[in-house]
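Engineer: let's see this in three dimensions:
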Amino acid sequence: MNEPARHDQDPAFRNPALSPAERVDDLLGRLTLDEKIGLLHQYQAPVERLGLRGFRTGTEALHGLAWHGPATVFPQAVGLASTWNPDLVRQVGEATGDEVMAFHHKDPQSVGRNVWAPVVNPLRDPRWGRNEEGYSEDPWLTGVMGTAYASGLRGGQAVLKTAPTLKHFLGYNNETDRCVTSSALPPRVLHEYELKAFRPALEAGAAVAVMPSYNLVNGRPAHLSPLIAGHLRTWAPDDVLVVSDAYAPGNLAGPQGYHKDLPEAYAHAIKAGLDSFTQDDADTAATLGHVRTALDRGLLTEADIDAAARHALSIRVRLGEFDPATPYDDITHDVVNSPEHRRLARKAARQSITLLKNDGLLPLAAPRTVAVIGPLADALFEDWYSGTLPYQVTALAGLAGRCETVYCEGVDRVALRTEGGYVGASADPAGGPLYVGSERSCFDVFDWGGGAYAFRSCANGRHVSAGEDGVLSNDQPGPNGWEVRQTFRIEERPRGVVLRNISSGRYVTVTGGVVRTTDDPDTASVLALEPVESGAARAAEAAARADVAIVVLGDHPLVNGRETEDRATLALPERQEALLKAVHAANPATVLVVSSGYPFAVTWAQEHLPAIVWSAHGGQEYGHALAEVLLGDEDPGGRLTQTWYRSAAELPDLLDYDIIACDATYLYYRGRSLYPFGHGLSYTRFAYSGLELSSADLAEGDTLTIWVTVTNEGGRAGEEVVQFYTHQRRSRVKQPLRQLRGFVKVRLAPGESRTVSVDVPVGDLAFWDVTRGRFVVEEAAHTVQVGASSGDIRLCAPFRVRGERIPPRDLTSGPLDAADHDEYDGVVLCDAALDAGDAVRSTGPGAWIAFKDCDFGGDFGGDFGGDFGGDCGGGFGDQGPSACLLAVASDEGGVVTLRLDDPLIGEVAGAVSIPPTATRHDFVEVSTPLAGAAGVRDLYVVYESEGVTVSALGFCP
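Structural biologist: As a prediction, this is how the structure comes out:
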């Protein structure tokens, strides 16, 4: 077993004339079992006897190369998508891929070519802490942008430049308890929304790897999902490498408790399709030991190891690792932050800037005196997956080079007084421990929202941080790190306030003149925050002296809305909004510039200010790009890729992933948004005319072409994003209010007209039919809607599709999977077995699931199979089925009632008692006689008890 099969001098795996599959076969056959096991970790072991170097997965490249020193920093991913320019996004991917290669050539062991980007989770909820990493709430647009970025990363040659990895499969939109929460994805949400975002990049061969997510999906850890083999790997033209998220494998037998120990868990993961374990950093011993133990127990075979190793080797062969030369060998470090990449960063930042409101104040008429105000006015921030900024052009710097500016940061300055004196700080540039003295020291207070405050020492301009030893020092440039130790909560007390470090949860106390943290809230020191200067007052004075005030507000990407932390609110930080109001009161000509990785509910600003601009954190060239847009050199080209709501009260529960049932995203949201999906203004006006369809009567397999003419009716050149939507007017199921089918970004001179078009395959109009478990194009009337956003539709045209009519559910064809219900209340989707299958569990008495349009008549021509033993057979006859069989499980037992047409007052067709079962996966078959179930009726399965699980129903004559 541990001897190589061959060892000739000119191995086939090094021959680029052979196919990748042939080369992998050859190399795999040369490896011992232990060597193959060594490939299943993030840090793949070298095989010196074959000349194989070590290989490392996982180089972060979300919007530029990260974590390896200064490199070009492009706008955040949500900002790149806001350009609505896939070709530009591809170019950014190309530049990032080149910089990865440059760093790889310098240090091949530290900088691997398997890049962990892009993120293609749809932005279902704007409170998600990692909103900045995704592209859009629309899965199709997410797929377009993800494919574009991945295409750039992989390069245009047959040999891969890098190996892009899609993150995070699947149903991942919450940081709150992310390792133990289960995302309930009903079949339609799964197929029409979640999977739809992942498929395009894999199908196009742009992405070649996938990372599962931390969460569970329908009760089963995503790292064990049968969808990896059943869907992901069927889409791609080549092998797909599946890499775990960091430390996620350990969760399977840890907090998730899905398996009793790690050998069992790792065996399941490998069989489910996981190829590479990202666990314990570079220490591979424990992981590989668990895999070996699983083999020894008979939980795995060598064939299972071969399958995973094959995927790992396939990526390496396609990267050209074993070729004598590749097209990328000549890429040098000169490309990093090159003039070309700087220009590209500036272009991407410029095109991402989105004009949300304009009452004529913008573009600014030069020359003007501009007050540049706010905590983000002269600062650029790096997010967790950002590269290191090689230089910074802030909003202030960009504007100062173009016009006369007055600057005010606008933050409050305070002193911290204790019973023994004032909290003091060292003036040493490196900082030092805080102390208590008689002289007053000052601190600037930054409000980042959600009750998170940061204190910057005026003595040396460094932020206060709680060290690992608990001592507070003014030694940090700002909030930073995986554990942000520089933010505090301010908690009111009768005689003042106490400070609580957010990262540690410990309170600030003064002991022996030393300022440190303590676990005991009773020993927290009560402080008085003595005002020294009002940031709002200083800002108002600056604004009053200027022609125009530009207030730059937003988030800090490492605080209150980041990986591991969701937001609770959409509101601007309280002190930031107070600053904005004070500036506006002093100078009505106030422009709000929001720099953030997620939407804010800027309702006051929308009602009172003349102009509002948004962009994601825009990278190193942000200030230049912003100045060019505000001063009118360029038209604002950005458009929103997600809905901006007026309040978090308009959103469903953060953990409710059923966008259809809870009316979430622009697809189903019926409320009045602050800014709709696709919104963004220009400095000119565009008129739409001449909407034409290639046909108003189409069949499945046809393609609908839509033409529309756009005219620039303004006095200056501008860019419009022409958006094409469709709506199915009648259906068996709830349909989206409108759904994006295509877009064209067009630049027009004053008075210029252009006819643009998109093609929509009729097959794209399909939805998932839960009655038959497949996509279906329904016989229906549709409407084309064309406009400037989902909320600004200018022209409409009807067309008809000759598709299928969905028949009633045929109960004679086999069991009903409980998960394939049409409607529900009070239930959750869960796992029917460890490896595959979904079931439905009640969360309380009175819960129900509904199966619409069930045909209880007709003839039956075979047994049910599936969860049942074939006890039923024959036709139902005129009276309908005589009995219903249910596959059920329950810890404590319960009762299920079958009702017709209504879950509360409908006719009772049957009822059955559920016995306690050994485990939640030990389903038993129970039956109940049926009465009155004939014809086409709606069937409601009503759970009279909590904790009852149903996986399937079958019917007998």
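
Engineer: only C-alpha atoms from now on, for both contacts and neighbour counts.
Structural biologist: Will do.

Engineer: so what's the residue lying closest to residue 651 once chain neighbours are set aside scoring on pLDDT?
Structural biologist: Spatial nearest neighbour of residue 651, excluding adjacent residues (CA to CA, 6 or more residues apart in numbering): residue 664 at 7.2 Å. On pLDDT, residue 664 comes in at 98.

Engineer: ok, residue 664 - contacts?
Structural biologist: Taking CA atoms under 8 Å, 6 or more residues apart in numbering, we find residue 664 in contact with 124, 651, 652, 658.

Engineer: residue 695 now?
Structural biologist: Applying CA under 8 Å, 6+ apart to residue 695 gives the contacts 704, 705, 799.

Engineer: just the buried ones among these, please.
Structural biologist: 704, 799 (16 or more other CA atoms under 10 Å).

Engineer: taking the contacts of residue 695 one by one, which sit in strands?
Structural biologist: Mapping the contacts of residue 695 onto strands (DSSP state E) picks out 704, 705, 799.

Engineer: any chance of CSV for the residues you listed, columns pLDDT and distance to residue 525?
Structural biologist: Formatted as CSV, these follow (pLDDT from 0 to 100; distance: CA to CA, whole Å):
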residue, pLDDT, distance to residue 525
704, 99, 70
705, 99, 70
799, 99, 71
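
Engineer: and which of those residues is nearest residue 624?
Structural biologist: residue 705 (39.4 Å; CA to CA).

Engineer: what helix or strand does the nearest residue to that closest one once chain neighbours are set aside sit in?
Structural biologist: Leaving aside its sequence neighbours, residue 705 sits nearest to residue 759 (CA to CA, 6+ apart; 4.4 Å). Per DSSP states H and E: residue 759 is located in strand 753-761.

Engineer: got the contact list for the next helix or strand after that strand?
Structural biologist: For strand 753-761, the following helix or strand on the C-terminal side (DSSP H and E) is strand 767-769. Residues external to strand 767-769 that are found in contact with it (CA under 8 Å, 6+ apart): 187, 188, 191, 192, 774, 775, 776, 777.

Engineer: which one of those sits closest to residue 720?
Structural biologist: Among the contacts of strand 767-769, residue 192 lies closest to residue 720 (CA to CA), at 28.2 Å.

Engineer: what kind of secondary structure is that closest one in?
Structural biologist: Secondary structure for residue 192, judged by DSSP: H, G, I helix; E, B strand; the rest coil, is helix.

Engineer: and the pLDDT for it?
Structural biologist: At residue 192, pLDDT is 99.

Engineer: what's the neighbour count on it?
Structural biologist: 16 (other CA atoms under 10 Å).

Engineer: cool, and residue 654?
Structural biologist: The burial count for residue 654: 18, using other CA under 10 Å.

Engineer: for it, what are its contacts?
Structural biologist: Residue 654 neighbours (CA under 8 Å, 6+ apart): 125, 127, 174.

Engineer: how far away is the residue nearest to residue 651 from residue 644?
Structural biologist: 12 Å (CA to CA, to the nearest Å).
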